[in-house]
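[1] please work out how this folds:
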Amino acid sequence: MKDLLRSLGDFLAKTNLFIALAAAFSALSASFFFGEEIDDYLCVFIFFSTLFTYNFQRILGDFHRNDASISFGKGLMIFGGIGMISFFWTISIPQILILSCCGILSFAYAYPFIQTEGGKLSLRLIPRLKLWIIVLVWSVSVAFVPLYGSDLSFFELMLFSTQQGFFVASLTIPFDIRDLRFDSPSQQTIPQILGVKRAVNLSLVFLVISFLCSLLFYHYGSVPMSVFAAYAASLCVSAMILQRANPSNDDLYFTIFVDGMIILQAGMIILAKNYF
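    Numbers count the residues shown, from 1 in each chain. Take a look at the predicted model:
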């Protein structure tokens, strides 16, 4: 059974299907969080665009990869591109513009285009920038954009984006812990600067900040108790998972358990909104 799960985790990591599904569910849960109208087409577009972008990064970016994953990834990149184009016309122009900026930033994250004396660099290789690009793209794509044009105030949009940004930041730090054996010391990622233990503690602090943001929404009546409780519970589960982060963990831990916290949170919010 363990070997089957490990094989499944390896497959999901190489195909990026799991993270694309997580992005779509996260965008869907943003509307459920506030009880806003659901934009199904946008969520599907986010799924395909995430699948396209992540496989683009894997194939044409400067990640460590192998030939077996490249050949299959090309097919998934084409599949994601076709799906993205098919649903391109179903979303509003402002959403298209914002997501296009996120897409450009995602490509620049992994594709080396910055000329330096030592060669070309991607954005992720710039010192201390790696984490925050991921946080910015994710919080804008799955928190700000799904709620853009809703009845929420700009302050509420920014607060929710901040809430989700810190949640994503907490989940991203374990991947920097995993990449300690690959990342150049010049990147100065959080685990490189603080060490593994302090980096894990910082990820827990980020969860607390995310919780405080959700507490403000509940305090001012923007979300019901059921949704707030579901969100808080998902953070507690995430904290238990993050405490186990270390460089020796296999891909099953990162792909299923860490990334899986995004789907878990979305699922708990949707269930709470529908049944409690």
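
[2] Val227 reaches Phe33, doesn't it?
    Yes. Look at Val227 against Phe33 with C-beta atoms under 8 Å: they come within range, at 6.0 Å. For the C-beta atoms, the positions are set from N, CA and C on the backbone; glycine is no exception.

[3] shared neighbours, those two?
    Shared contacts of Val227 and Phe33, defined by C-beta atoms under 8 Å, 6 or more residues apart in numbering, are found at Ile269, Lys273.

[4] more neighbours, those two?
    Phe33 (28 against 25; other C-beta atoms under 10 Å).

[5] after the host helix or strand of the more buried one, next one along is what?
    Secondary structure from DSSP states H and E places Phe33 in helix 17-34. Tracing the chain C-terminally past helix 17-34 and defining elements by DSSP H and E, one meets helix 40-60 next.

[6] what angle do that next one and helix 17-34 make?
    On the basis of axes from the mean of the first three to the mean of the last three C-alpha atoms, to 10 degrees, helix 40-60 is oriented at 150 degrees to helix 17-34.

[7] helix 40-60: which residues count as buried?
    Within helix 40-60, the residues scored as buried using 16 or more other C-beta atoms under 10 Å are 42-60.

[8] who does it touch, helix- and strand-wise?
    Packing partners of helix 40-60 (3 or more C-beta pairs under 8 Å, 6 or more residues apart in numbering; DSSP states H and E): helix 17-34, helix 67-86, helix 93-110, helix 145-147.

[9] and the angle from the first one to helix 67-86?
    Read that as helix 17-34. Between helix 17-34 and helix 67-86, the angle comes out at 40 degrees (the same axes, to 10 degrees).

[10] what is the rounded mean pLDDT of the helix holding Phe33?
    On average, the pLDDT along helix 17-34 is 95.

[11] now it: how far from the chain's centre is it?
    Taking the mean of its C-alpha atoms, helix 17-34 sits 10 Å from the chain's own mean (C-alpha atoms, centre = their mean, to the nearest Å).

[12] what's it packed up against?
    helix 40-60, helix 145-147, helix 154-178, helix 225-242, helix 260-275.

[13] how about low-confidence regions in this structure?
    Along the chain, segments meeting pLDDT under 70 span 1-3, 5-6, 9, 64-71.

[14] and the residue nearest the centre of it?
    Centroid check for the chain by C-alpha atoms, centre = their mean gives Trp138 as the closest residue, at 5.1 Å.

[15] so that residue makes contact with Gln164?
    Yes. Using C-beta under 8 Å, Trp138 is in contact with Gln164, at 7.3 Å.

[16] so what's in contact with those two at the same time?
    In contact with both Trp138 and Gln164: Ser26, using C-beta under 8 Å, 6+ apart.

[17] skip the chain neighbours and tell me the closest residue to Thr53.
    Once flanking residues are discounted, Thr53 sits nearest to Ser106: 4.7 Å by C-beta to C-beta, 6 or more residues apart in numbering.

[18] show me the contacts for the one you found.
    So Ser106 contacts Thr53, Gln57, Val137 (C-beta under 8 Å, 6+ apart).
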